[in-house]
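Engineer: mind folding the following:
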Amino acid sequence: MITNQMKLGDIVKAYPKAVTIFNDFHIDYCCGGKDRLEDALKELSIDPKSFIDLMNKKLADTKNKTEGDEILPMEQLTQMNVPDLIDYIVTTYHGKERNLIAEIDGLMNKVLLVHYEHNHSQLVPLHNLFSDLKKELEEHFAKEEKLVFPYMKKSYLENSNDGYVKELEDEHDAAGNIIKEITACTNDFKAPEGACTSYRMLFGKLDELIKDIFNHIFTENSLLFPKYEGGR
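Structural biologist: Predicted coordinates for the structure are as follows:
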């Protein structure tokens, strides 16, 4: 049973399918994983009692319908040690997100060129925001893969406090802020009426990328970093 005092990250750990509900309501469970549910709801002007009642009902209904695959393989992830979890993050998220970034980059330039005349007020700011996100993620991936993650693999048993976790969390926050602007700029990834296939595909791929980033950041902030700082 979910309560308003639970932290967002703890809710996702206990109820992985809560991710879908959080995404629907734009509740930041990745960078905001340490926030209490009640505080996150108040910030969005959502009535906590009504939302929690709805959430508990939806999760119960989902469980009763099917046990299916979890959105996140939480049980396996929580049992992984730091090196294995790092390998999982790089394999599962870095490669996929690099591919999505490349695909979106091509679509973005195509749509910008074709629809500039009538949709430049949306597409120019979106192009700038995506460029900022692309730069943030590519530099973040390189830093993790070439510097921070190799160091973490070697030092995690030392219960280290080297400042890397704070650096990565700050970079996650920066990416999260850009994502919020992209979501607003695209009207929650709803293409304009009469938009062509490429325009709709662009918004769909952006939505896919951002949902993947949410899971990615959650896995690092709420699973990897506590394990690393705890020396496990």
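
Engineer: nearest residue to residue 86 in space, please, no chain neighbours.
Structural biologist: Once flanking residues are discounted, residue 86 sits nearest to residue 149: 4.9 Å by Cβ to Cβ, 6 or more residues apart in numbering. The C-beta positions use only the backbone N, C-alpha and C, and glycine is treated the same way.

Engineer: neighbours of the one you found, how many?
Structural biologist: By other Cβ atoms under 10 Å, 22 other residues sit near residue 149.

Engineer: need the three-state assignment for it.
Structural biologist: With DSSP: H, G, I helix; E, B strand; the rest coil as the basis, residue 149 sits in helix.

Engineer: surely it is in contact with residue 88?
Structural biologist: No. Under the criterion of Cβ atoms under 8 Å, residue 149 is not in contact with residue 88, lying 11.3 Å apart.

Engineer: what residues are up against residue 214?
Structural biologist: 19, 23, 28-30 (Cβ atoms under 8 Å, 6 or more residues apart in numbering).

Engineer: now a PyMOL select for only the buried ones of those.
Structural biologist: In PyMOL, selecting the buried portion of the contacts of residue 214, with burial taken from 16 or more other Cβ atoms under 10 Å, looks like this:
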select buried, resi 19+23+28+29+30
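
Engineer: ok, so of the contacts of residue 214, who is nearest residue 135?
Structural biologist: Distance to residue 135 across the contacts of residue 214 (Cβ to Cβ) is lowest for residue 30, with 19.3 Å.

Engineer: count the neighbours of the closest residue to that closest one other than its chain neighbours for me.
Structural biologist: In this structure, residue 30 finds its nearest non-sequential neighbour in residue 217, 3.6 Å apart by Cβ to Cβ, 6+ apart. Using other Cβ under 10 Å, the number of residues around residue 217 comes to 25.

Engineer: which SSE is residue 217 in?
Structural biologist: helix 197-218 (DSSP states H and E).
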